[in-house]
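1. Sequence plus predicted model, see below.
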Amino acid sequence: MYIKKEPGPVFITLPDGSKLCRSDLPPKDTSRWVARRKARVVMAVVGGLITNKEACNMYELSDDELESWVMAVRKHGTAALRATALQKYRQL
């Protein structure tokens, strides 16, 4: 049996001390993006677990969409990823 070795680290350590690995990421066929799932993808990209290009290909996201998630988390935290708070955190 052959196990494919993914490029990059096996896991990353988050600021709260918990670990995030590829198996913790949302499924590839995710169609309903809640703030928690968006935050997992952003943490994986920012932490270096996966690349921007890999995340965009895996989840069929545009570069602009992923970048907006990353910027929202950097400026306002994970609460900015909530769809109900979109106007509150909208960037002009």
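-> Nice, I can see it. Numbering: from 1, shown residues only.
2. Now do the phi/psi pair for the spatially closest residue to R82 that is not a sequence neighbour.
-> With sequence-adjacent residues excluded and distances taken as CB to CB, 6 or more residues apart in numbering, R82 is closest to A35, at 4.5 Å. Yep, even glycine has a C-beta here, placed from its N, CA and C like the rest. Dihedral pair for A35: phi -60, psi -40, per degrees, to the nearest 10.
3. quick one: contacts for A35?
-> Under the criterion of CB atoms under 8 Å, 6 or more residues apart in numbering, the contact list for A35 reads T78, A79, L81, R82, A83.
4. partners of the helix or strand of the chain with the lowest mean pLDDT, with directions?
-> Using mean pLDDT, DSSP states H and E, the weakest-scoring helix or strand in the chain turns out to be strand 11-13, at a mean of 89. Looking at strand 11-13 with DSSP bridges, its partner strands are strand 19-21 (antiparallel).
5. buried residues in the partner strand?
-> L20 (16 or more other CB atoms under 10 Å).
6. Contacts for it, please.
-> V10, F11, I12, T13, L14, R40, M43, A44, G47, L49.
7. one step back: ok, of the contacts of A35, which come out buried?
-> So, by 16+ other CB under 10 Å, the buried ones in those are T78, L81.
8. Inside strands: which ones of the contacts of A35?
-> Among these, no member is found in strands (DSSP state E).
9. now the contacts of A35 as TSV including pLDDT and distance to K5?
-> Compiled in TSV, those are given as follows (pLDDT from 0 to 100; distance: CB to CB, whole Å):
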residue	pLDDT	distance to K5
T78	88	31
A79	88	36
L81	90	31
R82	87	36
A83	80	36
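10. Relative to S62, which of the contacts of A35 is nearest.
-> Taking CB to CB as the measure, S62 lies nearest L81 of the contacts of A35, at 16.0 Å.
11. Might one say that the closest one is in contact with W69?
-> Yes. Judged on CB atoms under 8 Å, L81 makes contact with W69 at a distance of 6.3 Å.
12. shared neighbours, the two?
-> Taking CB under 8 Å, 6+ apart as the criterion, L81 and W69 both touch K38, V42.
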